[in-house]
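Visitor: model the structure of this input:
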Amino acid sequence: MHPRHFARVSPDRPAVVMATTGATTSYAELEALANRGAQLFRAHGIMAGDTVAVWLRNCAEYFAIYWAAQRAGLYLCPISSQLTAEEAAYILNDSGAKLLATHADVPAAATLVAQSRTLAPAVADIYDLGTGLAPLPSWPHAVAAQADTPIADESAGYHLVYSSGTTGRPKGIRLPLSGEPADAPHMLADRIGGRYGVGAHSVLLSPAPLYHTAPLAYGMAAHRLGATLVIMDKFDAGEVLRLIEAYGVTFMQMVPTMFIRLLALPEAVRARHDLSSLDKIVHAAAPCPVEVKRRMIEWLGPIIYEYYGGSEGNGSTFITPQEWIEHPGSVGRADWGTLHICDEAGGEVGPGVDGLVYFEGGWDFQYLNDPEKTRDARHPLHPGWSTLGDIGHVDEAGYLYLTDRKSFMIISGGVNIYPQEAENLLIQHPEVADVAVIGVPHAEMGEEVKAVVQPKNWNDAGPDLAARLIAHCRDHLSAVKCPRSVDFDPALPRHDTGKLYKQDIRKRYWP
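Guide: Modelled structure (predicted):
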C-alpha cells in the first residue's frame, strides 16, 4: 500500500509515464526522488505538519514531490495552473505554505516570482522545476544534491486541497494527519483496489489536471497499488482513445464533460481504436445527464461506475453500472457515512422529497481559516452532520438523485427552480456545445430563468436558435422550469475539471 514496496519488489516497473513524450519514471526512481525531496524539505527546516505547495501543469515531477511531502509528514497544497498571481498568492498565504515549486510554463508564475515578497511574504523558498524563472534555485539540482535514503523522522502526510471556487473564493480543506508511519495502509487506496480491481497489473490514464483532488488522489492510489500511471498534459478526446489502445489502459477517472466530448467525436474516429483493455471507468465531480451516460454505456458496455462526494471526505455514495441501469440518474446509495435529506429547518424529509443532502459519520473536515463556512456546512440540529450544499432526494430503496446546488437555485415568483434539469436537456440539443442556466433579475418575479448557450456553430447564434431552444425545453419540461430568454457566448467559463463557473456568468446580469 505504498510505492516504496514496489520500488523494492518491482524496481523497474513504470510508475509514471508522460503521455506526450513517453518519458518514464520507474518505481525505483520515484522512491529515490521522493527520499531526496524529503531530505531537502528537512534541510529547509520544514517539519511534520507544515505545508508546501506546487504550482505546476501536469508533469512527471508532480508525484515525486507529492511522495516526498507525504513521507515527510507534510501537507502538499496543489494550486491550479490557471490562476493569476494574486489568486495563487491567496492560496499560498491562506495555507501557510513555506515552500513553493513552480515552472515557467505556468502563465502567471513569473509575475508571482517577481512580486513574491509583496504577494506571498511567508513563502521562504521558491524553486524552479525548469530553467525559465532565473534566478530561482533549481529544484532538480537541489534534489540531486540530497541523499536518496529515507529521512529519520518519517510520518504520513496528506494533501491540502482548495475548492475550485465555482461559487466563491476557494476554500482550503485540511484534514487531520494520522501520525502513522509513511507507508501505513490508506483507506482510499484500499477502497479503489477492492472496488475496481486496481493493482500491479493495472494501467491508469489520468486525463485531468493533477491540481484537482480526484486526479491527484487516484494517482496516489495507483502508486500505493503498484499500477502504472499515464498522465496526459491536457484532455483531448481523440488522444484519449489513442492512448487507451497504445498503453493498454485498464482504468480511468473522468468527469461528464469528458464524456460529452468523447461522444461528439465522429463515429469513424470512435470505431478506429481498440478499447478492449479498458475494464472500468469511474466518474464524479459534476452531474451527468442521463442520456449522456446511457450512450456511454451503449458504446463501451456496463463498465462505468459513479460516486458522489467531495474533497471534504464527509461521506459518499456509489453506484455500479448495473444499478444505474435500474435507477437511471441516481448517484447511488451511501457507502461511507449515513445519508440524510433535510428541509430548510433541518427536519428530515421522506423519499421523493428534495432537500439539502447531509452525511453523518465521515471525516470531520474543517475549512481552513474560515470557521463561518465550516459552521454553515454543519446541520443546525446535529453538528455531526455536514453538507456540501447540494440538493437532492432519495427513492424508496435509498438511491440518491441530485437536483442541483443550493447556491444555484432560482426563485421566481416564490417558486424554487433548479436549473440542472434544463441544462441536462439543452446540452443534448444538436446545436448546443455548452450551456448554463441561471436566474437573472426580474422586476415582478424577482428572478427569471435564462439560458446562456455556447452554440456548436457561432454563425447560428441569434433569435431563431434561441426560439428553437426555448421550444425544445417546453416540449419536455413545465414552462416554469424553462428559460424565458437565451443569450449566446463563444465559450463558457469552465474549470479544467469540467466544473462550470456559474458565478462568473451570473455577475454579468446582477449589479
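Visitor: check contacts around the closest residue to P328 other than its chain neighbours.
Guide: Leaving out its chain neighbours, the residue that sits closest to P328 by Cβ to Cβ, 6 or more residues apart in numbering is V290, at 5.1 Å. Placement of C-beta: from N, CA and C, glycine included. For V290, the contact set (Cβ atoms under 8 Å, 6 or more residues apart in numbering) comprises 328-329, 424.
Visitor: in a markdown table, list those residues along with distance to V16 and secondary structure.
Guide: Below are these laid out as a markdown table (distance: Cβ to Cβ, whole Å; DSSP: H, G, I helix; E, B strand; the rest coil):
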| residue | distance to V16 | secondary structure |
| --- | --- | --- |
| P328 | 37 | coil |
| G329 | 36 | coil |
| N424 | 36 | helix |
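Visitor: just the pLDDT for the residue nearest to P328.
Guide: We have a pLDDT of 92 for V290.
Visitor: phi, psi for it please.
Guide: phi -60, psi -50 (degrees, to the nearest 10).
Visitor: next one: V453
Guide: Torsion angles, degrees, to the nearest 10, at V453: phi -120, psi 140.
Visitor: model confidence at the nearest residue to it once chain neighbours are set aside, what's the number?
Guide: In this structure, V453 finds its nearest non-sequential neighbour in V435, 5.1 Å apart by Cβ to Cβ, 6+ apart. pLDDT recorded at V435 is 95.
Visitor: what do you get for T167?
Guide: For T167, pLDDT reads 52.
Visitor: same check on G498?
Guide: 70.
Visitor: ok, for it, nearest residue in space, not its chain neighbours?
Guide: G498 sits nearest to T257 (Cβ to Cβ, 6+ apart), 3.3 Å away.
Visitor: list the contacts of the one you found.
Guide: 286, 494, 498.
Visitor: which residue packs closest to the second one, ignoring adjacent ones?
Guide: The reference is to R494. Per Cβ to Cβ, 6+ apart, closest to R494 is L500, 5.5 Å.
Visitor: quick check: the residue of the chain positioned farthest from its centre vs F251, distance?
Guide: Counting by Cα atoms, centre = their mean, the extreme residue of the chain relative to its mean C-alpha position is E444, 38.7 Å from that point. Between E444 and F251 the distance is 52 Å, computed by Cβ to Cβ, to the nearest Å.
Visitor: L112: which of the contacts of T257 is nearest?
Guide: R494 (23.6 Å; Cβ to Cβ).
Visitor: and the closest one, what pLDDT?
Guide: At R494, pLDDT is 84.
Visitor: what distance do you get for it to A443?
Guide: For R494, the distance to A443 - Cβ to Cβ - is 31 Å.
Visitor: please apply the same query to R506.
Guide: 18 Å.
Visitor: now swap in S206 and tell me
Guide: Distance from S206 to A443, by Cβ to Cβ: 49 Å.
Visitor: who has more neighbours out of those two?
Guide: Between S206 and A443, S206 has the larger neighbour count (other Cβ atoms under 10 Å), namely 24 against 6.
Visitor: what distance separates stretch 397-410 from the middle of the whole chain?
Guide: Chain-centre distance of stretch 397-410: 19 Å, with Cα atoms, centre = their mean, to the nearest Å.
Visitor: then stretch 226-244?
Guide: 16 Å.
Visitor: ok, T250 - how many residues close by?
Guide: 21.
Visitor: so what's it up against?
Guide: 198, 201-204, 277-280.
Visitor: could I get the pLDDT score of it?
Guide: At T250, pLDDT is 98.
Visitor: swap in E448?
Guide: The model's pLDDT for E448 equals 92.
Visitor: so it: helix, strand or coil?
Guide: strand (DSSP: H, G, I helix; E, B strand; the rest coil).
Visitor: where does the protein dip in pLDDT?
Guide: Low-confidence segments of the chain (pLDDT under 70): 164-168, 414, 496-497.
Visitor: how does it divide into domains?
Guide: Listed by automatic domain parsing, the domain ranges of the chain are 21-183, 409-507.
Visitor: tell me the most buried of the ones you listed?
Guide: domain 21-183 (a mean of 19; mean count of other Cβ atoms under 10 Å).
Visitor: chain center to that domain: distance?
Guide: The answer for domain 21-183 is 19 Å, by Cα atoms, centre = their mean.
Visitor: now the end-to-end length of that domain.
Guide: For domain 21-183, the first-to-last residue distance is 31 Å (Cα to Cα, to the nearest Å).
Visitor: and which of the contacts of T257 is nearest to V415?
Guide: A286 (24.9 Å).
Visitor: phi and psi next, for that closest one.
Guide: Torsion angles, degrees, to the nearest 10, at A286: phi -160, psi 150.
Visitor: tell me where the stretch 151-300 of the chain has helices.
Guide: 187-196, 213-224, 237-247, 256-263, 267-271, 290-300 (DSSP state H, counting those that start in this stretch).
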